[in-house]
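J.: Here is a sequence together with a model predicted from it:
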Protein chains: 2
Amino acid sequence: MTVPLDETTARSWLAVAVEEARAGLAEGGIPIGGALVGPDGTVLGRGHNRRVQDDDPSVHGETDAFRNAGRQPTYRGTTMVTTLSPCWYCSGLVRQFGISRLVVGESRTFTGGHDWLREHGVEVLVLDDPECVQLMTDFIAAHPSLWNEDIGEDEETDG
Amino acid sequence: MTVPLDETTARSWLAVAVEEARAGLAEGGIPIGGALVGPDGTVLGRGHNRRVQDDDPSVHGETDAFRNAGRQPTYRGTTMVTTLSPCWYCSGLVRQFGISRLVVGESRTFTGGHDWLREHGVEVLVLDDPECVQLMTDFIAAHPSLWNEDIGEDEETDG
């Protein structure tokens, strides 16, 4: 049975991703966290951005959660939960693996591909969570170059 | 200076990705390799799919090459080289980080998002390389379930 995706359920899953984002921040990293939740509501994997900690540009909150969930025979009925709207890289992950649902903490500070995912059949819920907004607003103000690096924005000539 | 992307140059870069694919195959893995090449033609990172070897579903040929290139201040002028048309996950990587060019070994056995990348301004060259086609044709015939797992295809009810 697949747990229905109502706002209360989504917020309880988001709390896991926020814990991950805060753990990343405490490690000196970029405060974005994710969780991959199974159809029955079990957290299959959780993780956070590790660009700074591991010097690894390939580990975003979502890809870390996906990796930590291990190999799965199917992603049908699963939900990707992320504190921030997924970038194209992480949106592509959701689409390719047929992850059914997406919970986004906020999309004010950055908007990636969540509308594109909705167009391609993913059930998307954007929570506009004030704690997630605050985490990123503070981080971007303090570390603008690091943030641009994480989303592949050229600083010299933005575009 | 950025090296022009002609077919001879592209084939010489593809040879690096093919070496990676063959290394992956020799390790018992899925034979897809990648390389991230700098504007001047230097190989910044190379890698291959590690789903089987590392039990890690997040490591495709392209993401491994990207990871092994380490943190880069910009991807402008770089080329992602891959033995197989990039899946949505890896296509999203190319788009998000502003990787300028994409060399695809073949897109017969699988077609991902390379047309979508072209629409979004990436210079794309598909080489239709017989060695790349053979590698994947043989692999898919021998390990269909593993291949479906790698691209997130449900076996029970394909869709």
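T.: Happy to help now that I have it.
J.: Can you see whether the longest helix belonging to chain A contacts chain B, counting any residue in it?
T.: Longest helix in chain A by number of residues, with DSSP state H as the criterion: helix A:7-26. No. Helix A:7-26 lies out of reach of chain B by C-beta under 8 Å from any C-beta of the partner chain, never closer than 15.7 Å. For every residue, glycine as well, the C-beta is placed using N, CA and C.
J.: so what does that helix touch, helix or strand wise?
T.: Helices and strands touching helix A:7-26, as assessed by 3 or more C-beta pairs under 8 Å, 6 or more residues apart in numbering or on different chains; DSSP states H and E, comprise strand A:33-37, strand A:43-48, helix A:61-68, strand A:79-84, strand A:101-106, helix A:130-142.
J.: Quick one: name the residues of chain A near chain B.
T.: Residues of chain A lying near chain B (C-beta under 8 Å from any C-beta): A:51, A:55-58, A:63, A:66-67, A:69-76, A:87-93, A:95-98, A:112-113, A:149, A:151-154, A:156.
J.: Narrow those residues to those in helices?
T.: Mapping the residues of chain A next to chain B onto helices (DSSP H) picks out A:51, A:63, A:66-67, A:88-93, A:95-96, A:149.
J.: Looking at those, which is nearest chain B?
T.: Lowest distance from chain B to those (C-beta to the nearest C-beta) belongs to A:G92, with 2.5 Å.
J.: Next up, the contacts around the nearest residue to that closest one once chain neighbours are set aside.
T.: Distance criterion C-beta to C-beta, 6 or more residues apart in numbering or on different chains; nearest residue to A:G92, sequence neighbours excluded, is B:G92 at 2.5 Å. Applying C-beta atoms under 8 Å, 6 or more residues apart in numbering or on different chains to B:G92 gives the contacts A:87-93, A:95, A:113, B:113.
J.: Narrow those residues to just the buried residues.
T.: Among the contacts of B:G92, those classed as buried by 16 or more other C-beta atoms under 10 Å in any protein chain shown are A:87-93, A:95, A:113, B:113.
J.: Would you check that A:E27 makes contact with A:Q53?
T.: Yes. Here A:E27 reaches A:Q53: they are 5.1 Å apart, a contact under C-beta atoms under 8 Å.
J.: export stretch A:61-78 as PDB, just CAs?
T.: Written as PDB, here are the backbone C-alpha positions of stretch A:61-78 (Å, rounded to 0.1, in the frame of the first residue of the first chain):
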ATOM      1  CA  GLY A  61      21.300  16.100  -1.100                       C
ATOM      2  CA  GLU A  62      19.100  14.000  -3.400                       C
ATOM      3  CA  THR A  63      21.900  11.900  -4.900                       C
ATOM      4  CA  ASP A  64      23.300  11.200  -1.500                       C
ATOM      5  CA  ALA A  65      19.900  10.000  -0.200                       C
ATOM      6  CA  PHE A  66      19.500   7.900  -3.400                       C
ATOM      7  CA  ARG A  67      23.000   6.400  -3.000                       C
ATOM      8  CA  ASN A  68      22.400   5.600   0.700                       C
ATOM      9  CA  ALA A  69      19.100   3.800  -0.200                       C
ATOM     10  CA  GLY A  70      21.300   1.300  -2.000                       C
ATOM     11  CA  ARG A  71      20.200  -0.700  -5.100                       C
ATOM     12  CA  GLN A  72      16.400  -0.900  -5.400                       C
ATOM     13  CA  PRO A  73      14.600  -3.200  -7.800                       C
ATOM     14  CA  THR A  74      12.000  -0.500  -8.500                       C
ATOM     15  CA  TYR A  75      11.400   3.100  -7.400                       C
ATOM     16  CA  ARG A  76       7.600   2.900  -8.100                       C
ATOM     17  CA  GLY A  77       5.700   4.500  -5.200                       C
ATOM     18  CA  THR A  78       8.800   6.100  -3.700                       C
END
